[in-house]
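Visitor: attaching a predicted model along with its sequence, questions to come.
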Amino acid sequence: MAAGTVTFWGVRGSIPAPGLHTITFGGNTSCVSVDYGEHVIIFDAGSGLRQLGLALLARDTPPITGSLFLTHTHWDHIQGLPFFTRHLRRRIASSSMAKRAPGIRWSS
């Protein structure tokens, strides 16, 4: 089995805390990605999702597929969503999203 790459884009709690005092561990809220070839699996959509989206846009590879899983729908785990989809609308060929989170409706 080939290995994937795990990246922590955000590890903070309730609110983002950018600045020099958070430079060691980062100031974004929950977002982790696992890259496996041309597929990316994303766990949580906190404020770190914006940087992940920018990194995906900067790739020189073909369009990717992705999956997004939300552990729960607290604000710090979903606040990056509006900033992510806007940046990636043109580049993602297809995506599958876990639609099990109550209270969130996804549109195509």
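Guide: Sure thing, it's come through.
Visitor: hmm, Ser67 is touching Ala45, no?
Guide: No: using CB atoms under 8 Å, Ser67 is not in contact with Ala45; the gap is 12.0 Å. Backbone N, C-alpha and C define where each C-beta goes, glycine included.
Visitor: these two: who's more crowded?
Guide: Ala45 (31 against 14; other CB atoms under 10 Å).
Visitor: shared neighbours of Ser67 and Ala45, anything?
Guide: Common neighbours of Ser67 and Ala45, counting by CB atoms under 8 Å, 6 or more residues apart in numbering, are absent.
Visitor: now do the contacts for Leu49.
Guide: By CB under 8 Å, 6+ apart, Leu49 lies in contact with 9-10, 31, 42, 80-81, 83-84.
Visitor: so how far is Phe43 from the most centrally placed residue in the chain?
Guide: Nearest to the geometric centre of the chain sits Leu49, at 3.7 Å (CA atoms, centre = their mean). Using CB to CB, to the nearest Å, Leu49 is found at 10 Å from Phe43.
Visitor: helices and strands of the chain: which one has the lowest mean pLDDT?
Guide: With mean pLDDT, DSSP states H and E as the measure, the helix or strand of the chain carrying the lowest mean pLDDT is strand 94-97 (a mean of 45).
Visitor: now the helix or strand encompassing Leu56: average pLDDT?
Guide: Remark: Leu56 resides in helix 49-57, with elements defined by DSSP states H and E. Averaging pLDDT along helix 49-57 yields 88.
Visitor: stretch 18-34 now?
Guide: On average, stretch 18-34 scores 84.
Visitor: give me the contacts around that stretch.
Guide: Under CB under 8 Å, 6+ apart, the answer for stretch 18-34 is 4-17, 40-52, 71, 76-77, 79-80.
Visitor: for ChimeraX, write the selection for the buried entries among the residues you listed.
Guide: Per 16 or more other CB atoms under 10 Å, the buried members of the contacts of stretch 18-34 correspond to this ChimeraX selection:
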select :7,9,10,11,12,16,40,41,42,43,44,45,46,47,48,49,50,51,52,76,77,79,80
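Visitor: perfect, I'm done here.
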